[in-house]
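S.K.: show me the folded form of this:
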Amino acid sequence: MPQWIEIAWRSACAVVVLFALTRLLGKKQLSQLNYFHYIAGITIGNIAGFISLEIEDHFLLGVTGILIWTFLPLLLEWLSLKSKSVRDITDGQAMVLIKEGKVLEDNLKKARFTSDELLEELRRNGAFRLADVEFAVLETDGGVSVLLTKENQPITPKLLGIQVANEREPQTVIMDGTVIDEPLATAGLSRGWLAAELEKLGVALENVFLAQVDTYGQITVDLYDDKIKTPEPSQKQLLWATLKKCEADLELFALSTDEWKAKRSYDQCAASMKSVLERCEPFLAR
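M.R.: This is a model prediction of the structure:
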């Protein structure tokens, strides 16, 4: 067998083995490397390169080495789930860098963090002034988590005392111009409804790159032709405006009649409509 064919065969086998074992190790190997994962990843890569090119050596010996370096991290993962002491050894511990707005220089030195690196990490978290930071922690994966001071934290509906509705995951119902039936059914909708909504927007299915349906059944589309502007969804706004008009009309009818029975009836209906509006406000007015 020519050497280039053998190298190609061994390399293809190595890729398949590495892919299977990386999936076995899980996504943590990709996103949250600890010390041992880092060492294991480098070693497994070196062994894979070695067994691809060293055609004089036995292929299975290299695969055996990869298997050992794969199952050792799995064993440590299992032990770390059982013991915090093992987690402290393999993953390390989080370290406080800023507490109550004060930089802890001793911890900064232990983490081998320079002041420039600290400021860079703060900027990555949207804190461009040290005075805006209440708390900062160096996580075990090397990232820095930042808590801003109370006055610099983003305003939320809860802080303003505003009730909002729970949001569900938007469903992507069209992708690359093709209707996807599963998310459409998950949203409790049909192809007929989708065709009607696209007709309202004045767009053809084949010109839709992506389309999503939100919690309230409103559809948002992105077209292949970026020059075409599609109207913003307005069903919620129209429904809210209609309900508000009904309330105003009932109050007007109550004021314009002299018949006390009719006035009382209109007042009761207006009060009922106001109650409906209060319950619907989190869903329609925000």
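S.K.: can you give me the helices in the stretch 51-200 of the chain?
M.R.: Assigned by DSSP state H, counting those that start in this stretch, the stretch 51-200 of the chain shows helices spanning 59-82, 84-90, 105-110, 115-124, 181-186, 191-201.
S.K.: neighbouring contacts of the fourth one?
M.R.: Spelled out, it's helix 115-124. Outside of helix 115-124, the residues that reach it under the criterion C-beta atoms under 8 Å, 6 or more residues apart in numbering are 97, 103, 108, 128, 130, 133, 136, 143-144, 146. (Each C-beta comes from the backbone N, C-alpha and C, glycine too.)
S.K.: again, only using 6 Å
M.R.: Among residues not part of helix 115-124, those counted as contacts by C-beta atoms under 6 Å, 6 or more residues apart in numbering are residue 144.
S.K.: could you dump the helices of the stretch 51-200 of the chain to CSV with distance to residue 41, mean pLDDT and mean neighbour count?
M.R.: Putting those into CSV (distance: least, C-beta to C-beta, whole Å; pLDDT from 0 to 100; neighbours: other C-beta atoms under 10 Å) gives the following:
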stretch, distance to residue 41, mean pLDDT, mean neighbour count
helix 59-82, 9, 74, 15
helix 84-90, 14, 71, 14
helix 105-110, 25, 89, 12
helix 115-124, 24, 90, 14
helix 181-186, 35, 88, 14
helix 191-201, 45, 85, 14
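S.K.: if you count neighbours, what's buried in stretch 215-227?
M.R.: For stretch 215-227, burial by neighbour count (16 or more other C-beta atoms under 10 Å) applies to 219, 221, 223.
S.K.: and the last one, how far is that from residue 210?
M.R.: Relative to residue 210, residue 223 is positioned 9 Å away (criterion: C-beta to C-beta, to the nearest Å).
S.K.: state the mean pLDDT of stretch 250-259.
M.R.: Stretch 250-259 shows a mean pLDDT of 82 in the predicted model.
S.K.: run the chain-centre distance for stretch 270-286.
M.R.: Its chain's average C-alpha position is 31 Å from that of stretch 270-286, according to C-alpha atoms, centre = their mean, to the nearest Å.
S.K.: please save the CA atoms from it in PDB.
M.R.: Coordinates of the C-alpha atoms in stretch 270-286 are reproduced here as PDB (Å, rounded to 0.1, in the frame of the first residue of the first chain):
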ATOM      1  CA  ALA A 270     -66.600  50.200  32.100                       C
ATOM      2  CA  ALA A 271     -65.300  48.900  35.400                       C
ATOM      3  CA  SER A 272     -65.300  45.300  34.000                       C
ATOM      4  CA  MET A 273     -63.400  46.500  30.900                       C
ATOM      5  CA  LYS A 274     -60.900  48.300  33.100                       C
ATOM      6  CA  SER A 275     -60.300  45.100  35.000                       C
ATOM      7  CA  VAL A 276     -59.800  43.200  31.700                       C
ATOM      8  CA  LEU A 277     -57.300  45.900  30.600                       C
ATOM      9  CA  GLU A 278     -55.300  45.600  33.900                       C
ATOM     10  CA  ARG A 279     -55.100  41.800  33.400                       C
ATOM     11  CA  CYS A 280     -54.100  42.200  29.700                       C
ATOM     12  CA  GLU A 281     -51.600  45.000  30.100                       C
ATOM     13  CA  PRO A 282     -48.600  42.800  30.700                       C
ATOM     14  CA  PHE A 283     -49.300  40.900  27.500                       C
ATOM     15  CA  LEU A 284     -50.400  43.700  25.200                       C
ATOM     16  CA  ALA A 285     -49.000  47.000  26.300                       C
ATOM     17  CA  ARG A 286     -45.300  46.100  26.900                       C
END
